[in-house]
Structure formats: structure tokens, C-alpha cells
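**Q** Could you work out the structure for the sequence below:
(one chain, ligands or ions: 1)
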Amino acid sequence: MMNPKQKCMICGGPTQLGFSLDRGEGDRRRQEEWWAGKPTKSFMMGLKKPRERYMIVTLRCTRCGFLMKFANPEE
Ligand SMILES: [Zn+2]
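**A** Residues are numbered from 1 along each chain as shown. Okay, the predicted model is just below:
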């Protein structure tokens, strides 16, 4: 599980909680997701949705800018 107080792995600086934007579909703003397995094409939807999916949260180091991603279950 992600610890929001996690220090930067590169420089040990403080991190700030955030998330990356998935901008694949026009101007719709969606949070980036992690999907289990290999990408499988679906006839209508582009890619098939696997059963196991997690929303991705990102910690950004406020000193050096390094990003650490965590795939957390949806709340
Ligand atoms: Zn850093």
C-alpha cells in the first residue's frame, strides 16, 4: 500500500500526492489506470477490460521531480 509520507527514492526529498491524467479521449479528463495482463483487443471498445484494475496515484518529489507510481484499489 502507498504511504503518502514516502520520501523520494532518488534524493530523499519530501513528496506530494497526485495522479496522472489519461488524455486518450479528447478533452475527457480521467485518472490513469493499471490493468492486469497483456493488452487484448476488443471489437468495439479498443481494449478489453480485465477483471483486475487499479487507479494509479503518483507521488512527486518536490525537490527533484522524480515520480513514483502506485496502483491502488478503487475507493
Ligand atoms: Zn527527489
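
**Q** Rounded mean pLDDT for the host helix or strand of Gln16, please.
**A** Per DSSP states H and E, Gln16 falls inside strand 15-18. Averaging pLDDT along strand 15-18 gives 94.

**Q** Could you give the average pLDDT over the helix or strand just after it?
**A** Downstream of strand 15-18, the next assigned helix or strand under DSSP H and E is strand 21-22. On average, the pLDDT along strand 21-22 is 80.

**Q** ok, now stretch 34-45?
**A** What stretch 34-45 shows for mean pLDDT is 89.

**Q** Stretch 64-75 too?
**A** Averaging pLDDT along stretch 64-75 gives 84.

**Q** Okay, and the beta partners of Gly18?
**A** Residues in a beta bridge with Gly18, per DSSP bridges, are Thr58.

**Q** Can you name the residues that contact it?
**A** 57-60 (Cβ atoms under 8 Å, 6 or more residues apart in numbering). Every C-beta, even on glycine, is put in place using the N, C-alpha and C of the backbone.

**Q** What about the ion: which of these touch it?
**A** For the ion, no contacts are drawn from the contacts of Gly18 by Cβ under 5 Å from the ion.

**Q** any idea which of these is closest to the ion?
**A** Lowest distance from the ion to these (Cβ to the ion) belongs to Arg60, with 8.9 Å.
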